[in-house]
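Enquirer: show me the folded form of this:
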Amino acid sequence: MNIGLIAHNAKKKLMQNFCVAYRGILSKHTIYATGTTGRLIEEVTNLNIHKYLAGHLGGVQQLAAQIEQNDIDLVIALRDPFTESQRDPDMSNIVKLCDVHNIPVATNLATAELLIRALDRGDLDWRELYRT
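Expert: You can find the predicted model right below:
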């Protein structure tokens, strides 16, 4: 499965910790991330991350394009609801595209943990059929 990871600046450390905790599951899949988030995850997990540009340089749009092509099966987009960002519309667009293409998306740690465990159990295997 192809997993997209993106995190607001205030949530990057949380994303790192999440990826450390679920490294075993994530290592069985192909991981895509915006540039800075991907680099930070690689530093602590040694996972191979396909990195887009940094989010503010177009990485969010690169992830969005992959979602539009139905090439991503799961998105974890940890956002900070307390910090307004110029990139909030980009993050909202990611969630919208996931809704359009029926791609599971988590915007907080609780949902991310549910989805990653579901992925490990095989509950998301239907995406393989949906993609073809």
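Enquirer: look up the closest residue to T83, ignoring the ones flanking it.
Expert: A10 (5.7 Å; C-beta to C-beta, 6 or more residues apart in numbering). All C-beta spots, glycine's among them, are computed from the backbone N, C-alpha and C.
Enquirer: does the one you found touch D80 like I think?
Expert: Yes - applying C-beta atoms under 8 Å, one finds A10 in contact with D80, separated by 4.0 Å.
Enquirer: which residues does the residue nearest to T83 contact?
Expert: 80, 82-83 (C-beta atoms under 8 Å, 6 or more residues apart in numbering).
Enquirer: equivalent analysis for R121, please.
Expert: Taking C-beta under 8 Å, 6+ apart, one finds nothing in contact with R121.
Enquirer: all strands for the protein, in order.
Expert: Remark: strands assigned in the chain by DSSP state E are 2-7, 30-33, 49-51, 74-78, 105-106.
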